[in-house]
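> Structure of the sequence below:
(one chain, ligands or ions: 1)
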Amino acid sequence: MSSLFDRSPPTEPSRANGFSGNRLHRLSEARPQDAVARALAQPASRLHLFLGDRLLLDFANGATRAFFGEAEARSLGLCADTLILLGTTGNAARLAAQVDEATALPASVKAIDLRSLAIQGLIDGEALGAVAQARSLLAWHANHPFCARCGARTEMRGGGVRRVCPSCGAEHFPRVDPVVIMLAVDGDRCLLGRQARFQPGMYSCLAGFVEPGETIEDAVRRETREEAGIEIGRVAYHSSQPWPFPSSLMIGCHAEALSFALTPDETELEDCRWFARDEVRAMMEGRHEGGLGVPPRMAIANRLIDAFLEAEG
Ligand SMILES: [Zn+2]
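You can find the predicted model right below:
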């Protein structure tokens, strides 16, 4: 008898994607109103600190430390009204907050953007995942101070898992924006495009936001048709990736091309082409004759392309 999980690999492909390693217990449904104060009162609690969109890292004594104690955080300019509770690990709470841009940082502390963190592997996967959660949540709170129903100022509750409106009683929850990212495949070739903002020579999978009332599969078909003029038949889910810029969930799929003549949307794409498997392999391995390349390994696009190469034969 077949199992529902026969085709599920023992190691989830999502685990290989950057920002996927978060193992905090979020306890989202079991948080008291003073969750942040309680967490801060525990000596083992640690904070991820952000200067704008960038994470503070302490490189003192040859280490790379991505979190701080409360007293340290105050000396670095902790903005207490931005404090959120991410969850717990072991017996220790993990929080996050912004720091004041006016506070001078010690020479050993640097602010690093999350893309660089992920690409360079400066911190381990678990911390990187927690930092992604923090970045998305901090951005949501910063950008949603008012009630979308009545316009009154809202208040954070449960250590940051929601906001409530004291005027009309509405509850507001942090948003996650689903994005489909797909590699269209036609036998031994696949479809890659590039946006003008990409670094020179880099080609990637097509991608776009899922729209209301749409399945993942329909979004893959619509986006591929809109961006490249290619009709898609079957769609196979591969993996997902939290993408904290600020709060997307990338849903990676392989897509079966049914038509092949490209009519790229030039407002979205600077170029879009079919690439033969051998050429893609050279791009992946950094030995393409024309200097073309693909996104870094931490990106889900890289993993979708890798799976296409692995599926050879
Ligand atoms: Zn309201």
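
> which residues sit against stretch 277-297?
Residues from elsewhere that reach stretch 277-297, judged by CB atoms under 8 Å, 6 or more residues apart in numbering: 118-119, 188-190, 192, 200-204, 275, 301-303, 305-306, 308-309, 312. From N, CA and C alone the C-beta is placed, and that goes for glycine too.

> so who does Gly193 touch?
If a contact means CB under 8 Å, 6+ apart, then Gly193 has 203-206, 227-228, 264, 269-273 as its contacts.

> er, Arg65 actually
By CB under 8 Å, 6+ apart, Arg65 lies in contact with 57-59.

> and of the residues you listed, the nearest to Leu114?
Distance to Leu114, by CB to CB, is smallest for Leu57 among the contacts of Arg65, at 11.3 Å.

> Tell me how many other residues crowd that closest one.
Residues near Leu57, counting by other CB atoms under 10 Å, number 20.

> Who does it form a beta bridge with?
With DSSP bridges as the criterion, the beta-bridge partners of Leu57 are Lys110.

> Quick one: the strands in the stretch 101-250 of the chain, in order.
Remark: strands assigned in the stretch 101-250 of the chain by DSSP state E, counting those that start in this stretch are 109-112, 155-157, 162-164, 171-172, 177-186, 189-194, 206-209, 232-243, 248-257.

> Tell me, how many residues neighbour Cys150?
Burial of Cys150, expressed as a neighbour count using other CB under 10 Å, amounts to 12.

> correction: Gly159
Other residues near Gly159 come to 26 when the count uses other CB under 10 Å.

> Please verify my assumption that it contacts Arg26.
No: when contacts are counted by CB atoms under 8 Å, Gly159 is not listed as touching Arg26 (9.7 Å).

> Give me the pLDDT for Gly313.
Note on Gly313: pLDDT of 50.

> Give the burial count for Leu83, as a bare number.
Applying other CB under 10 Å, we find 24 other residues in the vicinity of Leu83.

> quick one: low-confidence ranges for the protein?
Using pLDDT under 70 as the threshold, the predicted model of the chain has low-confidence ranges 312-313.

> now the helices for the stretch 51-200 of the chain?
If you assign secondary structure with DSSP state H, counting those that start in this stretch, the helices in the stretch 51-200 of the chain sit at 70-75, 114-120, 125-143.

> hmm, back to that, how about the strands of the stretch 101-250 of the chain in CSV, adding distance to Leu292?
What follows is the strands of the stretch 101-250 of the chain, written out as CSV (distance: least, CB to CB, whole Å):
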stretch, distance to Leu292
strand 109-112, 28
strand 155-157, 46
strand 162-164, 45
strand 171-172, 44
strand 177-186, 16
strand 189-194, 9
strand 206-209, 16
strand 232-243, 23
strand 248-257, 20
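
> For Glu12, which of those is the nearest?
Counting by CB to CB, and looking across all of the strands of the stretch 101-250 of the chain, nearest comes strand 232-243 at 7.0 Å.

> so what strands line up beside that closest one?
In the sheet, strand 232-243 lines up against strand 248-257 (antiparallel) (DSSP bridges).

> May I see the buried residues of the strand it pairs with?
Taking 16 or more other CB atoms under 10 Å as the neighbour-count basis, strand 248-257 is seen to contain the buried residues 248, 250-255, 257.

> Now do it against strand 177-186: the angle between them, please.
Calculated by axes from the mean of the first three to the mean of the last three CA atoms, to 10 degrees, strand 248-257 forms an angle of 20 degrees with strand 177-186.

> The chain should start at 5 in everything you say after this.
I'll keep to 5 as the first residue from here, and by that count the last item is strand 252-261.

> Tell me the helix or strand right after strand 252-261.
strand 275-280 (DSSP states H and E).
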